[in-house]
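[1] output the structure for:
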Amino acid sequence: MFKWIITKRESTVTFFLIALFLFVGSVNRDFLSFSAVDSIFQNSILYIFLAAGMTFVLLTGNIDVSVGGIMGLCGAIIATLVRNGSNPVTSLIIVLVIGCFIGLVNGVGIGIIGIPSIIMTLGTMGVLRGLIVVYTGGKWVENLPEFFKNASQTNLLGFINIYMLITLVAVLGLQFFISYSRQGKYFSAVGDNYNGAVLVGIPVKKITILSFILSGFFSALAGCVYASQIGFIMNSTGNGIEMVAIAACVLGGVSLSGGIGSIVGAGLGAIIMTTITSALVYLKVDASWNGTISGLLLLIIVVSDVLLHKYSSEKARKLRLSANIQGQES
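    Modelled structure (predicted):
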């Protein structure tokens, strides 16, 4: 049982999430109320989508720091479209296509031209930040229709939030895709051994481009969720959120060097990041300490998890070595 726990990042993250809820709940029981837990999960939805898209990119050994810019611009676009009376479904499709197109531009620059991902996506982020100000005229996008804002509060059977249900289905579907489909396994193969993937015939350039398209798609979707949940869009929407998405992925076991990770793990990491922020409120911690405490907890979790996995790997290596020696002696 212990071996299973320390060899599965998702399990350690889950146990930490449960321990975090129990600890904060022991200090302030309101934290364990249905409304508080429901609020945490709803607030984590956009981070889950961002982390899901980022996972595909990280699996290929790249990084995308333009996700906040895509989220902000797409959020502003769908907000203005529905405010001006456009069909919400058509508006959603338009925004998702825009997100995919931006991802395509990133993917072509990185996969075809060969620009380092950090440089390409930093440039894209700067362009998008400027476009948000130009598109909105430097003003907030407000006065969104009630049906759009109420969509995030829609429940099925009286208690299942529609956004949470969509998120759960998406995460499980994506996890099945990268775990069991041949094409899904290509993402990890590219990040694990790029040259080896080329030699065995994996279309590494196409996979790299697809990873950024998926990142753009889910970033745009996160922008739509944000606009619906918050009810307005600021010019600064999405600023710095790429760091939260990356941290959620790393916390959930996605390797920054590529080849290792899961959508479920990234989603759990996103929930933990949201939970920590909410926990500090219920613990009545001064808001100025939020960044410091969140960063410190993240370091502790990641370092502890790395040490556990290192211990497990070292033990497995010694067992293999011992088996080889015994085999040679016999």
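
[2] from now on I want contacts and neighbour counts done on CA atoms only, so please keep to that.
    Fine.

[3] any weak-confidence spans in the stretch 101-250 of the chain?
    Under the criterion of pLDDT under 70, the regions of the stretch 101-250 of the chain flagged as low confidence span 158-159.

[4] try 80 this time
    Segments of the stretch 101-250 of the chain classed as low confidence (criterion: pLDDT under 80) are 152, 154-160.

[5] show me where it has its helices.
    117-136, 146-150, 162-180, 182-192, 194-199, 204-230, 241-251 (DSSP state H, counting those that start in this stretch).

[6] just say which of these is most tucked in.
    When neighbours are counted by mean count of other Cα atoms under 10 Å, the highest per-stretch mean among these falls to helix 204-230, a mean of 26.

[7] what residue lies at the spatial centre of this structure?
    When the chain is reduced to its mean C-alpha position, the closest residue under Cα atoms, centre = their mean turns out to be A51, at 0.7 Å.

[8] give me the element that one is part of.
    When secondary structure is defined by DSSP states H and E, A51 falls within helix 45-59.

[9] taking helix 241-251 as reference, get the angle to the helix or strand following that helix.
    Using DSSP H and E, the helix or strand that follows helix 45-59 in sequence is helix 67-83. For the pair helix 67-83 and helix 241-251, the angle between their directions (axes from the mean of the first three to the mean of the last three Cα atoms, to 10 degrees) equals 120 degrees.

[10] re the thing from before, show me what contacts the residue nearest to the centre of the chain?
    For A51, the set of contacting residues under the criterion of Cα atoms under 8 Å, 6 or more residues apart in numbering consists of 245-246, 248-249, 263, 266-267, 270.

[11] is it possible to get these out as a markdown table so that each row also shows distance to F176?
    Rendered in a markdown table, the data for the contacts of A51 read as follows (distance: Cα to Cα, whole Å):
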| residue | distance to F176 |
| --- | --- |
| A245 | 21 |
| I246 | 21 |
| A248 | 20 |
| C249 | 17 |
| I263 | 9 |
| A266 | 14 |
| G267 | 14 |
| A270 | 19 |
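
[12] distance to T292 for the helices of the stretch 101-250 of the chain - can I get that in a markdown table?
    Rendered in a markdown table, the data for these read as follows (distance: least, Cα to Cα, whole Å):
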| stretch | distance to T292 |
| --- | --- |
| helix 117-136 | 25 |
| helix 146-150 | 32 |
| helix 162-180 | 29 |
| helix 182-192 | 32 |
| helix 194-199 | 37 |
| helix 204-230 | 25 |
| helix 241-251 | 14 |
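
[13] which one, of these, ends up nearest to V97?
    Among the helices of the stretch 101-250 of the chain, the nearest to V97 by Cα to Cα is helix 204-230 (7.4 Å).

[14] for the closest one, name the packing helices and strands.
    For helix 204-230, the helices and strands in contact under the criterion 3 or more Cα pairs under 8 Å, 6 or more residues apart in numbering; DSSP states H and E are helix 45-59, helix 67-83, helix 88-107, helix 146-150, helix 182-192, helix 194-199.

[15] how about 10 Å then?
    Here helix 204-230 touches helix 34-43, helix 45-59, helix 67-83, helix 88-107, helix 146-150, helix 182-192, helix 194-199, going by 3 or more Cα pairs under 10 Å, 6 or more residues apart in numbering; DSSP states H and E.

[16] next one: that helix to chain centre, how far?
    Relative to the centre of its chain, helix 204-230 is centred 10 Å away, using Cα atoms, centre = their mean, to the nearest Å.

[17] so which of the helices and strands packed on helix 204-230 has the densest surroundings on average?
    Taking mean count of other Cα under 10 Å as the contact definition, the stretch among the helices and strands packed on helix 204-230 with the greatest mean neighbour count is helix 45-59, which reaches a mean of 30.

[18] now that one and helix 182-192, what's the angle there?
    70 degrees.

[19] quick check: angle from helix 45-59 to helix 162-180?
    20 degrees.

[20] what angle sits between helix 45-59 and helix 117-136?
    150 degrees.

[21] with only the CA atoms kept, save helix 45-59 in PDB.
    Written as PDB, here are the backbone C-alpha positions of helix 45-59 (Å, rounded to 0.1, in the frame of the first residue of the first chain):
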ATOM      1  CA  ILE A  45     -12.700  25.200 -13.000                       C
ATOM      2  CA  LEU A  46     -10.900  27.700 -15.000                       C
ATOM      3  CA  TYR A  47      -7.600  26.700 -13.500                       C
ATOM      4  CA  ILE A  48      -8.300  23.000 -14.300                       C
ATOM      5  CA  PHE A  49      -8.900  24.000 -18.000                       C
ATOM      6  CA  LEU A  50      -5.700  26.000 -18.100                       C
ATOM      7  CA  ALA A  51      -3.800  23.200 -16.400                       C
ATOM      8  CA  ALA A  52      -5.200  20.600 -18.800                       C
ATOM      9  CA  GLY A  53      -4.100  22.600 -21.900                       C
ATOM     10  CA  MET A  54      -0.700  23.300 -20.300                       C
ATOM     11  CA  THR A  55      -0.200  19.600 -19.600                       C
ATOM     12  CA  PHE A  56      -0.200  18.700 -23.300                       C
ATOM     13  CA  VAL A  57       2.500  21.300 -23.900                       C
ATOM     14  CA  LEU A  58       4.600  20.300 -20.900                       C
ATOM     15  CA  LEU A  59       4.400  16.600 -22.000                       C
END
